[in-house]
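Here's a sequence, model it:
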Amino acid sequence: MESTAKTTWVIDPMHSEIHFKVKHLVISSVTGAFDRFEGKVISAGDDFTGATVEFSADVDSISTNQPDRDGHLKSADFFDAANHPKLTFVSTGFKQGGRLGFIVSGDLTIRGITRIVELDVEFGGIAGDPYGNTKAGFELTGKINRKEFGLHWNALTEAGGMVVGDEVKLLMNVELAKQA
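Okay, the predicted model is just below:
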């Protein structure tokens, strides 16, 4: 039986961004990010079809550029960082398809609750950097319902509208570094 060589790629945090957007008062969106994260992809050579993906983000690194809101997001009303310090994603599939070229599916765990999600993946290509490293670029997009992960907090405006929307848009720009 012929063995297939596996290639490990790790996220380069200096050239990657993990963002989310959620509606505020139904009329605009608030953008946030996780500033500390890590992940790896294991593929068959430079072909990412069938690759496995593992990712985690440090909930305490959440940033919306507003310290009071960030503190509230870390509290038990939302992510409960004290009891659930990481959110994680472990893929169950990585295949060609979708509107951007690939679809990655897997188990997303937030606040101890795991749900299956699918993300559209656009492969930016592979290139060498000035230091002799091989890099691969991806943009991932998707949507989740925050309430499915136990993020239920909300409030009503005087007009009866919700302060925080249920749908959360995900946008990740990821640069991977090929490991020797």
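
All the strands of the protein, residue numbers only.
Counting by DSSP state E, the chain has strands at residues 6-11, 17-24, 28-34, 37-44, 47-58, 62-63, 86-97, 101-110, 113-128, 134-145, 164-178.

Let me see the mean pLDDT of the second one.
Model confidence over strand 17-24 averages 87 on the pLDDT scale.

Mean neighbour count and distance to His152 added to the strands of the chain, as CSV?
To be clear about C-beta, it is placed using only N, CA and C from the backbone, and glycine gets the same treatment. Compiled in CSV, the strands of the chain are given as follows (neighbours: other CB atoms under 10 Å; distance: least, CB to CB, whole Å):
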stretch, mean neighbour count, distance to His152
strand 6-11, 17, 30
strand 17-24, 17, 13
strand 28-34, 15, 17
strand 37-44, 18, 24
strand 47-58, 18, 20
strand 62-63, 19, 17
strand 86-97, 16, 16
strand 101-110, 19, 12
strand 113-128, 15, 11
strand 134-145, 18, 11
strand 164-178, 18, 9
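
Dump those to a markdown table, plus distance to Lys74.
Formatted as a markdown table, the entries for those read as follows, by distance: least, CB to CB, whole Å:
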| stretch | distance to Lys74 |
| --- | --- |
| strand 6-11 | 22 |
| strand 17-24 | 14 |
| strand 28-34 | 11 |
| strand 37-44 | 16 |
| strand 47-58 | 11 |
| strand 62-63 | 6 |
| strand 86-97 | 12 |
| strand 101-110 | 13 |
| strand 113-128 | 17 |
| strand 134-145 | 19 |
| strand 164-178 | 15 |
